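*Asks:* Predicted model and sequence below, questions to follow.
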Amino acid sequence: MTDVIESIAQEGKGVRIRWESGASLFLSRALWREWPFGGEGAPVSPEEAESYFLPLQYSEALEYAVRLLAMRDHACGEVRRKLQARLYLPQAIERVMDKLIREQLLDDAAFAAKWAAYRARSGVGRARILQELRQKGVEGRLAERAVALDEAGQAQAKDAAVALACKLLRRYRDDPPNAAMRKLLSAMARRGYAYDESVRAVEQAMAEN
């Protein structure tokens with residue numbers, strides 16, 4: 001037996017269509033303008049309406065997701081939650097997620113690596129970074145790996161800075177202390193090291209020599 005539309009009402013930024021069977025469908029205002037099935041009492045099934053609007057919702061949801069990614073990187077879980085908050089059909093959301101992952105616009109491993117490095121540079125600890133990644137929907141194993149790789153990379157970068165500072169100390173050891181320090185920090189700055197990073201490396205190099 002064909003279902004019947006029970007009510008059509010404004011809801012948030014769109015329209016909610018409800019059927020006598022209890023099923024419902026939410027459409028954005030833009031998509032509601034495409035509604036072809038008549039008003040309350042119209043004999044149309046939820047399945048028919050969903051089938052009609054699935055490709056339209058997919059296009060709208062994909063455009064929204066791409067706009068999100070143009071503003072900043074997101075984890076898969078973040079994008080999924082934002083699409084769900086807009087009440088798109090689950091099938092439309094899955095198609096969007098598949099498309100973005102296939103086109104490498106979403107990559108949780110790459111996102112986790114960038115986030116771990118960014119937060120570590122901001123002085124955030126390991127446990128907090130792992131918590132943040134999990135809150136963003138990054139799977140635990142990927143989060144752990146990203147933090148471990150960043151810690152290894154930081155250790156290597158620190159060792160390289162100290163090695164350079166040792167080399168420069170030997171080069172400028174016959175200069176007056178203040179002049180030697182200025183030259184040393186200037187040389188490290190030319191290599192791309194920040195001032196604080198250079199000072200820490202020099203202090204460690206001096207302690208080792």
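*Replies:* That came through fine.
*Asks:* What residues sit buried inside stretch 92-107?
*Replies:* 92, 93, 95, 96, 97, 99, 100, 106 (16 or more other Cβ atoms under 10 Å). All C-beta spots, glycine's among them, are computed from the backbone N, C-alpha and C.
*Asks:* Contacts for it, please.
*Replies:* Stretch 92-107 has contacts (Cβ atoms under 8 Å, 6 or more residues apart in numbering) with 54, 57-58, 61-62, 65-66, 69, 74-76, 79-80, 83-84, 88.
*Asks:* Among those, name the ones in strands.
*Replies:* Judged by DSSP state E, the subset of the contacts of stretch 92-107 located in strands is empty.
*Asks:* picking up where we left off before, can you redo the buried residues of stretch 92-107 as JSON lines with pLDDT and secondary structure?
*Replies:* Formatted as JSON lines, those follow (pLDDT from 0 to 100; DSSP: H, G, I helix; E, B strand; the rest coil):
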{"residue": "92", "pLDDT": "98", "secondary structure": "helix"}
{"residue": "93", "pLDDT": "98", "secondary structure": "helix"}
{"residue": "95", "pLDDT": "98", "secondary structure": "helix"}
{"residue": "96", "pLDDT": "98", "secondary structure": "helix"}
{"residue": "97", "pLDDT": "97", "secondary structure": "helix"}
{"residue": "99", "pLDDT": "97", "secondary structure": "helix"}
{"residue": "100", "pLDDT": "97", "secondary structure": "helix"}
{"residue": "106", "pLDDT": "95", "secondary structure": "coil"}
